[in-house]
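# take this sequence and fold it.
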Amino acid sequence: MDSPRPGKKPNFNREPKRNQNQLRSPRQKDAYARLLSQHRTGKFSAFLEEFGKDSVLKKEGTAGLEAQSDSLTVPPQKVDHVPRDFSDSSDFSPPIVTAKESLSLYMKKLSSSGAQEVERKQGVPDVQRRGQRRDTATSQDADIESGEELGSVKPSHSKKHQKQQKKNKESNRDAAPKEVQAAGAKMPSPKKDFAGVQEQDKGKKSRKKMQQKEFDQDRNQEGIFKTGADPQAVEMKNKNQQNPRADKCKNKGRGGSKKQIFEPYMTLEDVSHGLKRGELIQGQLRINPRKFHEAFIPSPDGTWDIFLDGVEARNRALNGDVVVVQLLPQEQWKVVKSDADCDGASESETSMESTRNKNRVPDPHTDGECNELVDKCQNMALTDTAGKPLEDSTPPTNEKTLQKTAKVVYIVEKNHSRAVSGHLKFLPDKTFALFSPVDHRVPRINVPLSDCPEDFKIHPEVYATTLFICRITDWTADSTFAQGQLTKTLGQAGEIEPETEGILIEHGVDFSDFSDEVLECLPSKKKYEIPPEELEKRRDLRKECIFTIDPPTARDLDDALSCKQLPDGNFEVGVHIADVSYFVKENTALDETASQRATSVYMVQRVIPMLPPLLCETLCSLNPLVERLTFSVIWKLSPEGEVLSEWFGRSVIRSCVKLSYNHAQSLIEAPDKLFSPEELPENMDPEHPIDEIHQAVLNLHSIATHLRRKRFSDDALRLEQMKLSFTLNKETMMPNGCHIYEYKDSNKLVEEFMLLANIATAQHIYRKFPNLALLRRHPPPKVKMMEELKEMCCQLGIDIDVATSGGLQKSLNMLSEDEYSGARKEVLTHLCSRPMQMALYFCSGVLKNEQLFKHFALNIPLYTHFTSPIRRYADIIVHRLLAASLKCGPPLEISAEEMEKQATHCNNKKMMAKRAGELSIDLFFGVFLSACGPLNSTAIVMKVLDQSFDVLVLKYAVQKRIYCKSTEGLKSFRFHQVGKKAELTLVWLPEDPEGTPFEQVISIFSILEVQLVSETSLKYTAQLKRPQSSGA
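Numbering: from 1, shown residues only. Next comes the predicted model:
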């Protein structure tokens, strides 16, 4: 082949012109041409013509690369982790296929039904005709990739290349392979006949192997972490293994530069235009913690989330980031059978584990044939006496639809902290170490050895179980690994404090000490006194019977209640909230820190406060027997809770007692009892006797009962889920025990009046500031998921109304009463929660459509947060708005756009704080189980999959997945599904060798006995206990 012209470097990515002279060159007159002369069918000719065109490109592109092979070498370790090079237009299918093999495949294709050919000619996409989007090859992380998809994902890197691609495609669309254009370009939908041949040839075999491989891959995962394999690199490597030639050319290109793995981001200008034209979509990225290669963003039309398949599609965005995506062509959309497949919850691709230390990935050091052998060997452990393996399931239904897929083209906001906890691995002969994050949704990170401990290079084994914090500093487009630096050594993995610190850092929680600049904003006097001039501006409520009701350990008391009966039989009821905005002045260092933290974070053993302790525990906290500044809402209410009048204003109070929820519950449950001082807290105001406080609590309870009844009659919804609570050793802060938190009437009492205050405040500030009010909305649930839930419940004999929030609540309340009715309601509550969307703060001036302001669960038009300013920054903003509207505070110096930005920040921080709290509970339960386990409990089935089922462990409120293939004593199992109702039939081996096997049917709501077993201090599994054969 001719060498490139002098003075101009060859462009190996550019497609050469395709003309008749090239196709008729002597190079092509070989076995293909002879066969063509013998078989003059139009179909065969078209196939060979396309194959010949691509062969020309293949030979020309390879010649240039081979010319540089002596000067460029690719380290073997890097090749494994670099994805396929798709720049060579001839490589339009994953594996290298010889001429003989391709002809053999083609002859097989000739025998396919004529109906399929007619379908293709009519333009029906292969993905719809096959009924399964990807079924050619199963990669080793259980992500199924098709030749069509892999062959089409080819990033372009220059404008000249793009123009050449466009020209070629317009001139010969049928022959040109699919290309992924540079960001912002439209992608065509060419046909991929050859990929289709491969898919048809391998599809059946892949489907048979897929489900068995998934379980076995899960069991091999722990060895992977020891070898240092990157789960995200595994996904890339699997694609490379399908085409060994691609590996050779991976990093070879003009000037020896590395091949680009990720596409370049679009410019901000192009993104803005694309969003305005509706060609691009913006949303928050959610990466599936159970399957890191799956990610989603909400769809603007409220249907199924948009699917992002693989690390490349995410384009270096991390979980929680706000991204802009571009939809892929429809033939690359995902084929799904149910909504479970659309949010990463289906089991047939991978197993379900919690997010810390429990995600499983397959062994990257085995190829497909080896995996198949491992599958067979591992199945031998679960065979019956005849040597037959456990029965695997088959796809339960042929009902399929398409889910939109997309790729990230721009990152708007990096909400992820880029800091993660994990472990270091020493790499010989390298200037860096490999950092493996605990969260597998984050890439592995190369860390300079200069950042590592001094003796790490000499004694790396000493740090094998040490938990570090690493922060990503860069992630280039030519690497599957990020670059970063170590920021902290936490301690030994598995211990509560290091793990807690890791959780906080990963979720962007600032738990550092408050700066001197912030502390200078606080009152300087040790014993603070309210200035007399401030008292004169406020309504004096210091002599009223006002008290707090909180958990016994609470120290940030930000709400208090009062209730006294009026001569006309009505009641004056007050909600008094700590006036935090008086101390936190706008545009100060204190305000800036509070706005950045946005919320207090509640871990099991400690609280990470939003405000300095002097404020949140002392000056602002409504402690008993001290004067405190408050913002009050006072109503005149009828005994039935009807609002007769309303007053807002700044006030000063003196709480007479701090009641716990248990104290208040005792008062409610014994209305006629005379309580002694010993039965209530010690610090009580003698001016307000116990009987007065008791009567006030009873009156509040009576009114709250009416308010609650009216609220639910007006179609409100409350999806209440079980929550685990711990008792801790006061010295060691280790868990002594755990129990399910009980939601009592005293909790409901406080909830009703907090809701009433929030609703009243929302109406007031929106009326005064229609373009600046900070409100809170709750979008309706996803319609398709709710319809599927209704269909499933109907097949189970449960009639639920999903049309309204009230209808759903009434359906939950009408469940039949028996011993396990509460457990069934808990399962249904969980199922109903999945289609629900998150409630969000927003600025009324940015979201113009008032119909979108509505709060679905409460079924009210306006809502906000006013009652917790010590722990939520959004409430401080609302207090400022309220003060400005009442002319008792300065006007806000903030625009609607700035308000919306702060609202978004509060949303993100609230979500991160909630997740950190949940992980803290998981951590403490793992430690408790490690010390006290194994633990036995009754469980109820929440979901049935083809090889496993999810259970809710009733005694401990934990959800776990039980795998049939890891259940001891099983002979086999069968999966059956009719519509949305799924069942697993487990066949148990008899305990008596002379006995006969017996069956156990697992379906949703089945009651089982399980055992929770600790594997490490953090990781535990649920094991199904053998049932009594007589009850089978």
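# neighbours of the residue nearest to residue 313 when sequence neighbours are not counted, how many?
Among residues not flanking residue 313 along the chain, residue 407 sits closest, at 4.5 Å (Cβ to Cβ, 6 or more residues apart in numbering). Placement of C-beta: from N, CA and C, glycine included. Residue 407 is flanked by 24 other residues according to other Cβ atoms under 10 Å.
# which residues does residue 407 form a beta bridge with?
For residue 407, the beta-bridge partners under DSSP bridges are residue 326.
# thought it was touching residue 328?
Yes: using Cβ atoms under 8 Å, residue 407 makes contact with residue 328 at a distance of 6.5 Å.
# overlap of the contact sets of those two?
Here residue 407 and residue 328 have no joint contacts, going by Cβ atoms under 8 Å, 6 or more residues apart in numbering.
# the bottom helix or strand of the protein by mean pLDDT?
The helix or strand of the chain with the lowest confidence, counting by mean pLDDT, DSSP states H and E, is strand 144-145 at a mean of 26.
# buried stuff in stretch 646-661?
Neighbour-count burial for stretch 646-661 flags 648-661 (criterion: 16 or more other Cβ atoms under 10 Å).
# now, those residues that are in strands?
Among the buried residues of stretch 646-661, the residues falling in strands (DSSP state E) are 648, 649, 650, 651, 652, 653, 654, 657, 658, 659, 660.
# looking at those, which is nearest residue 903?
Closest to residue 903 out of those is residue 648 (22.1 Å), distances taken as Cβ to Cβ.
# what sits opposite the closest one in the beta ladder?
On the basis of DSSP bridges, residue 648 is bridged to residue 633.
# residues contacting it?
By Cβ under 8 Å, 6+ apart, the neighbours of residue 648 are 631, 632, 633, 760, 761, 764, 882, 886.
# give me every residue that touches the fifth one.
It refers to residue 761. Applying Cβ under 8 Å, 6+ apart to residue 761 gives the contacts 633, 648, 864, 866, 878, 882.
# so how many other residues sit close to the last one?
Read that as residue 882. 25.
# so, low pLDDT: which residues of the protein?
Counting by pLDDT under 70, the ranges of the chain that qualify are 1-258, 302, 337-400, 525-526, 1017, 1029-1032.
# now do 50
1-29, 32, 35-36, 40, 56-256, 344-398, 1031-1032 (pLDDT under 50).
# can I see the domain layout of it?
Listed by the TED database, the domain ranges of the chain are 262-334+401-415, 516-780+837-919, 934-1024.
# tally up the residues packed near residue 643, please.
13.
# so after the longest helix seen in the chain, what's the next helix or strand?
In the chain, with assignment by DSSP state H, the single longest helix is helix 896-932. The helix or strand immediately downstream of helix 896-932 is strand 935-944, counting by DSSP states H and E.
# the residue nearest to residue 426 when sequence neighbours are not counted - how many residues pack around it?
Using Cβ to Cβ, 6+ apart and skipping residues adjacent in sequence, the residue nearest residue 426 is residue 460, 3.6 Å away. Residues lying near residue 460 (other Cβ under 10 Å) number 17.
# just residue 457 next, same as before
As a burial measure, residue 457 scores 12 neighbours (other Cβ under 10 Å).
# which SS state does it fall under?
Three-state secondary structure (criterion: DSSP: H, G, I helix; E, B strand; the rest coil) places residue 457 in coil.
# now do the contacts for the nearest residue to it once chain neighbours are set aside.
In space, and not counting its chain neighbours, residue 457 is closest to residue 449: 6.0 Å by Cβ to Cβ, 6+ apart. Counting by Cβ under 8 Å, 6+ apart, residue 449 touches 430, 431, 432, 433, 456, 457.
# I'd say the fifth one and residue 426 touch.
Yes: under the criterion of Cβ under 8 Å, residue 456 makes contact with residue 426 at 6.8 Å.
# name the residues contacting each of those two.
By Cβ under 8 Å, 6+ apart, the residues touching both residue 456 and residue 426 are residue 433.
# just the ones of the contacts of residue 648 in strands?
Counting by DSSP E, these contribute 631, 632, 633 to strands.
# out of those residues, who's the most crowded?
Sorting the ones in strands among the contacts of residue 648 by how many neighbours each has (other Cβ under 10 Å) puts residue 631 first, at 30 neighbours.
# ok, that one touching residue 650?
Yes: Residue 631 is within contact range of residue 650, at 5.9 Å (criterion: Cβ under 8 Å).
# quick one on the thing from earlier: ok, now how distant is the residue nearest to residue 313 from residue 311?
11 Å (Cβ to Cβ, to the nearest Å).
# re the thing from before, any idea which of the contacts of residue 449 is closest to residue 575?
Among the contacts of residue 449, residue 433 lies closest to residue 575 (Cβ to Cβ), at 55.4 Å.
# which elements pack onto the helix or strand hosting that closest one?
If you go by DSSP H and E, residue 433 is part of strand 432-437. Contact here means 3 or more Cβ pairs under 8 Å, 6 or more residues apart in numbering; DSSP states H and E; on that basis strand 432-437 packs against strand 419-425, strand 445-448, strand 466-474.
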